[in-house]
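1. Curious how this folds, go ahead:
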Amino acid sequence: MPVDAARPAGAHAYGPAERAALYRVIGERRDMRHFAGGAVPDELLTRLLTAAHLAPSVGFMQPWRFIRVRSRALRCELQALVEAERLRTADALGAQRSGFLRLKVEGLMDAAEVLAVALMDGREAHVFGRRTLPEMDLASVACAIQNLWLAARAEGLGMGWVSIFDPEEVGRLLQLPHGARCVALLCLGPVHDFYEEPMLQRERWARRAPLAQVVFDDTWGRGADWLVSEA
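-> Numbering: from 1, shown residues only. This is a model prediction of the structure:
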């Protein structure tokens, strides 16, 4: 299509209310650690997992695998593995150890649902888009998790991504096949309230970087003076 015949920007845009809802759910998504128990109906969980399964993936390989952890005993075993790694992580942080130990890093025993997310086995056969960037399988799974996260927030459910665990130990516990790898334990369910700001920001662990600090023009470090101030 000739440039002068191209559709103007926004020609395929959704309406103002729909766009506002999308940006709102992105802005209000939180990595939750505090849950209110309850339940997630099967129909709703199916809807959320469908949203995850609609994520983009390199070479359309769809490398995500979801395991719904329904056994309370299995949850307890997963929580014990997370707790063991939490203590090892604290030791590795040195001077930050005490501050880290004050943080709540998981809600495995409180959330209505726990989902383990794993990379599929046999990924070495998928070369399309991965020959020079093999980690794109993990990037694809992250897209699926983000889809699930945003859909959960839109449905009024909290979700937290737990990554503090030894994947080999979790893999044995979940009986993953050779080559598969667990990359996330997702806590999902009703919450009393959503954090007004990211929990680690609220706890003064870190702050969100300004947009201008992470956007460049042409080459690394060259400022993007076209960015519009939010003020």
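2. Paired strands for the longest strand seen in the chain, with orientation please.
-> Longest strand in the chain, counting residues (DSSP state E): strand 181-189. Note on strand 181-189: by DSSP bridges, its sheet partners are strand 113-119 (antiparallel), strand 158-162 (antiparallel).
3. any chance of those strands in TSV, plus mean neighbour count, distance to residue 217 and mean pLDDT?
-> The C-beta positions use only the backbone N, C-alpha and C, and glycine is treated the same way. Below are these laid out as TSV (neighbours: other C-beta atoms under 10 Å; distance: least, C-beta to C-beta, whole Å; pLDDT from 0 to 100):
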stretch	mean neighbour count	distance to residue 217	mean pLDDT
strand 113-119	22	35	98
strand 158-162	24	32	98
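4. now for these, which one comes closest to residue 23?
-> Across these, residue 23 has its closest neighbour in strand 158-162 (18.7 Å, C-beta to C-beta).
5. What segments of this protein are helices?
-> Counting by DSSP state H, the segments of the chain that form helices are 16-28, 42-53, 72-92, 97-101, 136-154, 167-173, 199-202.
6. what's the shortest one in contact with?
-> Residues lying outside helix 199-202 but in contact with it, judged by C-beta atoms under 8 Å, 6 or more residues apart in numbering, are 30-33, 103-104, 195-196, 206-208.
7. Grab the CA positions of it and hand them over as CSV.
-> Taking Å, rounded to 0.1, in the frame of the first residue of the first chain, the C-alpha atoms of helix 199-202 are listed here in CSV:
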residue,chain,number,x,y,z
MET,A,199,4.6,-3.8,47.1
LEU,A,200,8.4,-3.5,46.8
GLN,A,201,8.0,0.2,46.1
ARG,A,202,5.7,0.5,49.1
